[in-house]
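> Need the 3D shape of this:
(one chain, ligands or ions: 1)
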Amino acid sequence: MDQDRYREANLDAWESVSGGWEKRRPWLLDITGVIARKLVEDADPKPGETVLELAAGTGDTGFLAAKAVGSEGRLITTDLSPAMLAAAERTGAAEGIANASYKVVDMEAMDLADDTTDVVLCRWGYMFPADPAQAFAETRRVLRDDGRLSFATWAPPQKNFWAAAAGATLAARGHVAPPEPGAPGMFALAEPDRIRGLVTGAGFPEPRVDEVEFEYRYADFEDYWTGITDLAGPLAQVIVGLDPDELEATREQVRGLIESFSEGDGYVIPATCLCTSGGG
Ligand SMILES: C[S@@+](CC[C@H](N)C(=O)[O-])C[C@H]1O[C@@H](n2cnc3c(N)ncnc32)[C@H](O)[C@@H]1O
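Model prediction:
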């Protein structure tokens with residue numbers, strides 16, 4: 001797919017699951033909060049500082065930082081998808097976050113001034129721009145010289161079977177093309193060497209890359225399946241387009257693949273992120 005078509009499809013995919021992200025937010029907070037807390041801890045935002053969250057989704061990683069910078073500091077919550085950003089704004093209001101502003105921003109072309117940010121946070125976003133080198137160059141531009149960058153990406157599929165089971169099944173059944181090496185997508189920044197190359201290529205010093213493991217916990221198979229269809233932007237759209245027989249066959253194939261992770265009625269499936277931090 002050429003880059004412009006990819007950019008359109010990427011926006012459509014995330015717009016289409018914004019409702020799912022808002023609906024499953026409490027579940028996500030519980031299970032993935034460990035990654036949000038680690039990113040904020042690594043960036044260490046201080047009272048009075050300006051924090052920019054990129055690809056914020058419902059905004060929860062940034063909201064942790066908003067508390068740390070206090071009323072003298074500020075958070076700029078951004079996302080490519082207006083629907084995701086609207087969800088973040090509702091969440092921020094409900095959480096009483098008073099020092100945040102909200103803006104639609106494409107990581108590849110940020111409508112933000114040079115040298116205006118102390119901290120950039122991004123959980124699971126840098127894998128999706130068509131040109132990640134451009135997204136890191138933009139990040140370097142908006143950060144002050146001593147600014148800090150802290151972001152999470154997914155480790156390779158074999159360490160994230162919770163998502164790979166569905167993705168591999170859709171590829172095996174011919175519904176999605178197998179991912180090309182280096183192409184944008186969930187596992188595009190799964191290798192520390194590629195991350196280091198992109199970060200230093202944008203002018204940052206050598207970053208630290210920490211592997212962090214946690215577990216996805218699902219109440220039953222329906223919970224697992226709706227976890228995919230509610231949240232997995234690009235895959236969810238493909239699943240919605242399947243005819244009923246093919247949908248059932250796909251579900252059953254995925255159910256078989258994750259069977260070894262069942263615990264009682266539910267499933268506990270390991271997940272691994274790479275948390276990268278540096279700058280300054
Ligand atoms: C997997 S979700 C992560 C959401 C949130 N950061 C979290 O951790 O809960 C990916 C997010 O990246 C956003 N996104 C995708 N491509 C983007 C781009 N080029 N610029 C900014 N945001 C982008 C999507 O709209 C979506 O909200």
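> And for the residue in the stretch 151-280 of the chain positioned nearest to the ligand, nearest residue in space, chain neighbours not counted?
Closest to the ligand within the stretch 151-280 of the chain is residue 233: 6.8 Å, counting by Cβ to the nearest ligand atom. For the C-beta atoms, the positions are set from N, CA and C on the backbone; glycine is no exception. Spatial nearest neighbour of residue 233, excluding adjacent residues (Cβ to Cβ, 6 or more residues apart in numbering): residue 13 at 3.8 Å.
> quick one: which helix or strand includes the one you found?
Take DSSP states H and E as the rule and residue 13 turns out to sit in helix 3-16.
> per-residue pLDDT, the residue in the stretch 1-150 of the chain that the ligand sits nearest to?
In the stretch 1-150 of the chain, the residue that lies nearest the ligand is residue 57 (2.4 Å; Cβ to the nearest ligand atom). For residue 57, the model assigns a pLDDT of 97.
> With residue 97 instead?
Looking at residue 97, the pLDDT reads 97.
> One more: the one 4 residues further on?
For residue 101, the pLDDT comes out at 98.
> who touches the helix or strand harbouring it?
Using DSSP H and E, residue 101 maps to strand 100-104. Residues from elsewhere that reach strand 100-104 (Cβ atoms under 8 Å, 6 or more residues apart in numbering): 59, 62-63, 66, 74-82, 85, 88-89, 92, 111-112.
> cool, and stretch 212-229?
So stretch 212-229 is contacted by 20, 24, 27, 31-32, 34-35, 38, 152, 159, 162-163, 166, 235-236, 239-240, 251, 254-255, 258, 265-275 (Cβ under 8 Å, 6+ apart).
> quick one: contacts for the residue nearest to residue 233?
So residue 13 contacts 233, 234, 236, 237 (Cβ under 8 Å, 6+ apart).
> neighbouring strands for the longest strand along the chain, and are they parallel or not?
Longest strand of the chain, by residue count under DSSP state E: strand 266-279. Strand pairing for strand 266-279, using DSSP bridges, gives strand 143-154 (antiparallel), strand 208-218 (antiparallel), strand 262-263 (antiparallel).
> Report the buried residues of it.
Neighbour-count burial for strand 266-279 flags 267, 269, 271, 273, 274, 275, 276, 277, 278, 279 (criterion: 16 or more other Cβ atoms under 10 Å).
> For the residue of the stretch 1-150 of the chain closest to the ligand, what are phi and psi?
Dihedral angles of residue 57 (phi, psi; degrees, to the nearest 10) stand at phi 60, psi -130.
> So it sits against residue 79, correct?
Yes: Residue 57 lies in contact with residue 79 (Cβ atoms under 8 Å); the separation is 6.4 Å.
> Touching both of those two, which residues are there?
Overlap of the contact sets of residue 57 and residue 79 (by Cβ under 8 Å, 6+ apart) consists of residue 88.
> one step back: give me the buried entries from the contacts of strand 100-104.
59, 62-63, 66, 74-81, 85, 88-89, 92.
> And what about residue 113, helix, strand or coil?
coil (DSSP: H, G, I helix; E, B strand; the rest coil).
> leaving aside the residues next to it on the chain, what's closest to it?
residue 142 (7.1 Å).
> Can you name the residues that contact the one you found?
Residue 142 makes contact with 52, 110, 112, 113, 114, 115, 116, 117, 120, according to Cβ under 8 Å, 6+ apart.
> 10 Å instead?
The neighbours of residue 142, taking Cβ atoms under 10 Å, 6 or more residues apart in numbering as the test, are 50, 52, 54, 76, 105, 110, 112-117, 120.
> Can you tell me which of these is nearest residue 171?
Of all those, residue 54 has the smallest distance to residue 171: 28.2 Å, by Cβ to Cβ.
> residues contacting that closest one?
61-62, 76-80, 105-107, 110, 120-123, 125-126, 129, 135, 138-139, 142, 149, 151.
> what about 7 Å?
Contacts for residue 54 were tallied using Cβ atoms under 7 Å, 6 or more residues apart in numbering; they are 78, 107, 120, 122, 125.
> Regarding the first one, what is its secondary structure?
It refers to residue 78. Going by three-state DSSP: residue 78 is strand.
> For it, give its distance to residue 55.
Distance, residue 78 to residue 55, by Cβ to Cβ, to the nearest Å: 8 Å.
> hmm, what's the outermost residue in this protein?
If you look at how far each residue of the chain sits from its centre, by Cα atoms, centre = their mean, the farthest one is residue 245, at 31.4 Å.
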